[in-house]
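Q: How does the following fold in three dimensions:
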Amino acid sequence: MAVAELTQTAVKTSATQTQPNSADFLMKLAQAAQEAEAAGVTIDELIALAKAKRTGQDEQKVYQAAPEICFVRVGKPDLAPLSIAAAYEEYINHCVIAKNMSPKTIRHWKYMQKLAVVYFSGEANEHTGKHKPINSIQELDYSDALDFQKYLATWLRQDTVRQTMTRLRCVIDWFDARGYNVIKSKFINVPKHEKHEVECLDLQEVREFIDIVAEPHANLSEQGRLRNIAICELLFSSGIRVSEAERLDRDSIKNRMFNVVQGKSKKGRPCFINKRTEKAIKAYLDTRTDHCKALFISTEADKRLSAQAMRHIFSYTCKISRFVGIHPHTFRHSFATYMLNHGTDLITLARMLGHEDVQTTQLYTHVTDPQLRIVYEHIMARV
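A: Numbers count the residues shown, from 1 in each chain. This is a model prediction of the structure:
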């Protein structure tokens, strides 16, 4: 592209934008800047040429319209092409596994890698037709990233799309810092967080659900029945995650208290159970004659009960009852909502749930909005 055409493109793009700080605008300016570098035109020269084309437009205003343009790097060495799969693999090895991230985080990154590799291969799949393949991380441009995001949005939740695009930006940033000639990740837009409605049960519904779990079944032993009751009581009374319940041992709970070590931070937090749960766990353990140290074991073999098996208890109960879509995490939500409704402050509840950020705990506050009127009426009735 000739310098005059390139300058005209940058000028027309910026002049026709109603929102000059939009992602599309910044993307086009970045592409124009990179093409300018290839043509031997510096950023300052490009701005000076654009300034001459626009009456009253000085250099400072150009920088204000697109401050990111200042960070386009020039003179990078031509390193060997690196495939998308290899780029993710190298990032995962150096920035995820090497930092001793949890197995769950590693699996998450592997899934993000698979999404990118499948799409950028260019092959047709059930979600898209055959398209242009991207053979290396250096070959990836802004339009490819945008097409990838659109592709993901056709079949994945908004939060998953956001995570995938954020991970792509991390990979690009890392290789940019290592001297690879890649695009600027800050020009890749990511969708906003999805707004979630917390699904939870009130106390009466929790008791009804556990009563159904407690019903005898032909294919379930008495030990298995008591175990399932204890699991449900534990999840609701403590608010722990099902993965945390899976790791508990027989001697973990003492004086109705136990510590949970969280995966990422490796920090422990105190958790508690009520007398009802203590009684349910004792009734279950009294039926055990094995020497397995796990708190909950499979009825088919003396081995630790998996988190997936615990989830099956909930899915089976939904299948034989009026309940729909109730999971172990629903009991965690129900615990949080119940505690908030009965006066627990957000800081304390965040510690109980193991949330490092109180904003995560605020997710539950909309459920307790009916309490606002009660508080208001109680206070303002005296005015």
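
Q: What is the end-to-end distance of stretch 337-357?
A: Length of stretch 337-357, first residue to last, Cα to Cα, to the nearest Å: 17 Å.

Q: Please determine how far the residue most central in space within the chain is located from Glu300.
A: Centrality entry for the chain: nearest residue to the mean C-alpha point is Gln163, 5.9 Å, by Cα atoms, centre = their mean. When distances are taken as Cβ to Cβ, to the nearest Å, Gln163 and Glu300 turn out to be 36 Å apart. Where you see a C-beta, it was placed from the backbone N, CA and C, and this is true even at glycine.

Q: again with Gly343
A: Note on Gly343: its distance to Glu300, by Cβ to Cβ, is 44 Å.

Q: can you check Tyr338 too?
A: Here the criterion is Cβ to Cβ. By it, Tyr338 lies 34 Å from Glu300.

Q: Comparing these two, which shows the higher neighbour count?
A: In this view Tyr338 and Glu300 are compared by other Cβ atoms under 10 Å, and Tyr338 has more residues nearby, 21 against 8.

Q: Show me what the strand or helix carrying that one is packed up against.
A: Assigned by DSSP states H and E, Tyr338 belongs to helix 328-341. Here helix 328-341 touches helix 203-213, helix 222-238, helix 242-246, helix 307-319, helix 346-353, going by 3 or more Cβ pairs under 8 Å, 6 or more residues apart in numbering; DSSP states H and E.

Q: Next, the angle from that helix to helix 222-238.
A: 40 degrees (axes from the mean of the first three to the mean of the last three Cα atoms, to 10 degrees).

Q: any idea of the mean pLDDT for helix 328-341?
A: Over the span of helix 328-341, the pLDDT mean works out to 92.

Q: pretty sure Cys271 belongs to a strand, no?
A: Yes. Applying DSSP: H, G, I helix; E, B strand; the rest coil, one finds Cys271 inside a strand.

Q: hang on, isn't it packed against Met257?
A: Yes. Counting by Cβ atoms under 8 Å, a contact exists between Cys271 and Met257, whose distance comes to 7.1 Å.

Q: higher neighbour count, these two?
A: More neighbours surround Cys271 than the other of Cys271 and Met257, with 22 against 12 (other Cβ under 10 Å).

Q: contacts for the helix of greatest length in the chain?
A: Secondary structure assigned by DSSP state H gives helix 158-177 as the longest helix of the chain. Counting by Cβ atoms under 8 Å, 6 or more residues apart in numbering, helix 158-177 makes contact with 73, 82, 87-88, 91, 94-95, 108-109, 112, 115-116, 137, 140, 145, 148-149, 152-153, 156, 182-186, 188-194, all of which sit outside it.

Q: can you rerun that using 7 Å?
A: Outside of helix 158-177, the residues within contact range by Cβ atoms under 7 Å, 6 or more residues apart in numbering are 87-88, 91, 95, 109, 112, 115-116, 137, 145, 149, 152-153, 182-183, 185, 188, 190-191, 193-194.

Q: if we can go back for a sec, just checking, which of the helices and strands packed on helix 328-341 comes out with the lowest mean pLDDT?
A: Mean pLDDT values for those show the minimum at helix 346-353, a mean of 89.

Q: That helix to helix 328-341, inter-axis angle?
A: Our comparison of helix 346-353 with helix 328-341, counting by the same axes, to 10 degrees, yields an angle of 150 degrees.

Q: Which strands or helices does the very next helix or strand once past helix 346-353 pack on?
A: Later in the chain than helix 346-353, the nearest helix or strand by DSSP H and E is helix 358-361. Secondary structure elements in contact with helix 358-361, counted by 3 or more Cβ pairs under 7 Å, 6 or more residues apart in numbering; DSSP states H and E, are helix 346-353.
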